[in-house]
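Colleague: A predicted structure for the sequence below; I have some questions about it.
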Amino acid sequence: MKKHNFYAGPSILSQYTIDNTIAAIKDFDNMGLSLLEISHRSKQFVNVFNEACALVKELLEVPEGYSVLWLGGGASMQFAMVPFNLLNKKAAYIDTGTWASNAIKEAKLFGEVDVIASSRDKNFSYFPKDFTVPTDADYLHFTSNNTIYGTELRKDPDSPIPLVGDMSSDIFTRKIDVSKYDLIYAGAQKNLGPSGVTLVIVKNDALGKVERTIPTMLNYMTHIKKDGMYNTPPVLPIYASLQTLRHYKEQGGVEKFQALDEEKAAVLYDAIDNSRMFVGTAAEDSRSIMNVCFVMAPDYAELEQAFIDFATARGIVGIKGHRSVGGFRASLYNALPLDSVKALVETIKEFEKKN
């Protein structure tokens, strides 16, 4: 039976990425060696690393003066690295969910944090829009897409101070004006590759301005000066991410996937909005294109597990919602085909008829 993979992360990868990565694990670049057993400083892997950096710059139109890094520790490590490197006196944060809250918690270890807006009052069901950015802060941090709560800001906010974006779950799904940012980071396990590496795009001129001493491994300049090879980078997820980046370029780039993602989300939200049994949880003007969260209408609440079982029997996996919201969550990352969304919609309609 064909599986329709709606897991929130680690999540679906393109068959292109999976097949090419499997081939490299067996024999990398005709070396007679596995990708898993070669030196990260070998000419063959350095070529992989450099191509991955170049494709990020090409696909996102990264201007001059920025470095692309592939770091370990996940986006959660960036919650600390960002303030370690950029927070001198005070930083501004927007609190839109679990990951933004975790970033705020880490930043408070390094200086004053001004939470200038929050949607906590309504269980993070909307993205705050009315806030004032303090001009005396070192940077403004926001999480563009909130996987747990299904909200998203699909534009680059205007900010009078340097901007930092956690784009872990929606990078490569829309055009970004990178020049507006001092730093962008994204865990790979949504729209890039398997877990284990984090993409960082950092403006070189933003670094070296804090007064504290930064531990070597947590200093972005350490990795920039060593061309990303200060220590052994996460070889396998970088290679897999390169395959995804190649696939994106072959398929027409970010704009192609932006159109596809918007179409997929529109199909699913339309089905939910026209259902008497299912209800969306995010405010309409804040709905995520990546993570569609919905629940049973109150009159049908007892059928939640029955729907999950019904969907699972039809090859639909990964739709159980996070415990913070309950209900269901369908993640529509770039690698998910439109046919899978249509299969979920048909399942929703069949279940509704049956019940």
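Modeller: Thanks, I have it. Quick caveat: nothing in here was measured; it's all calculated off a predicted structure.

Colleague: pLDDT wise, what is the nearest residue in space to Lys26 that is not next to it in sequence at?
Modeller: Of all residues not flanking Lys26 in the chain, Ser34 sits nearest, at 6.5 Å (C-beta to C-beta, 6 or more residues apart in numbering). (C-beta placed from N, C-alpha, C; glycine too.) You'll see Ser34 listed with a pLDDT of 98.

Colleague: likewise Leu183?
Modeller: The model's pLDDT for Leu183 equals 98.

Colleague: neighbouring contacts of the strand or helix carrying it?
Modeller: Leu183 belongs to strand 181-187 when assigned by DSSP states H and E. For strand 181-187, contacts defined as C-beta atoms under 8 Å, 6 or more residues apart in numbering pick out 9, 74-75, 78, 82, 86, 139, 156, 162-169, 171, 176, 178, 192, 195, 198-203, 206.

Colleague: Give the pairing partners of that strand; include direction for each.
Modeller: Here strand 181-187 is paired, per DSSP bridges, with strand 163-166 (parallel), strand 198-203 (antiparallel).

Colleague: Output the last one as CSV, nothing but the C-alphas.
Modeller: Once side chains and other backbone atoms are set aside, the C-alpha atoms of strand 198-203 remain, and they are given as CSV (Å, rounded to 0.1, in the frame of the first residue of the first chain):
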residue,chain,number,x,y,z
THR,A,198,21.3,22.8,10.8
LEU,A,199,21.7,25.3,8.0
VAL,A,200,22.9,28.7,9.1
ILE,A,201,23.1,31.8,6.8
VAL,A,202,24.9,34.6,8.7
LYS,A,203,26.0,38.1,7.7
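
Colleague: Tell me which other helices or strands the next helix or strand after that strand touches.
Modeller: Per DSSP H and E, strand 198-203 leads on to helix 220-225 as the next helix or strand towards the C-terminus. Identification of packing neighbours for helix 220-225 by 3 or more C-beta pairs under 8 Å, 6 or more residues apart in numbering; DSSP states H and E yields strand 66-71, strand 198-203.

Colleague: Looking at this structure, which helix is longest?
Modeller: Longest among the helix segments of the chain by residue count, using DSSP state H, is helix 254-273.

Colleague: need the helices for the stretch 51-200 of the chain, in chain order.
Modeller: If DSSP state H, counting those that start in this stretch is used as the criterion, the helices of the stretch 51-200 of the chain fall at 74-86, 98-107.

Colleague: Would you convert the ones you listed into a markdown table that also reports distance to Asp285, mean neighbour count and mean pLDDT?
Modeller: Listed next are the helices of the stretch 51-200 of the chain as a markdown table, based on distance: least, C-beta to C-beta, whole Å; neighbours: other C-beta atoms under 10 Å; pLDDT from 0 to 100:
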| stretch | distance to Asp285 | mean neighbour count | mean pLDDT |
| --- | --- | --- | --- |
| helix 74-86 | 26 | 22 | 98 |
| helix 98-107 | 18 | 19 | 98 |
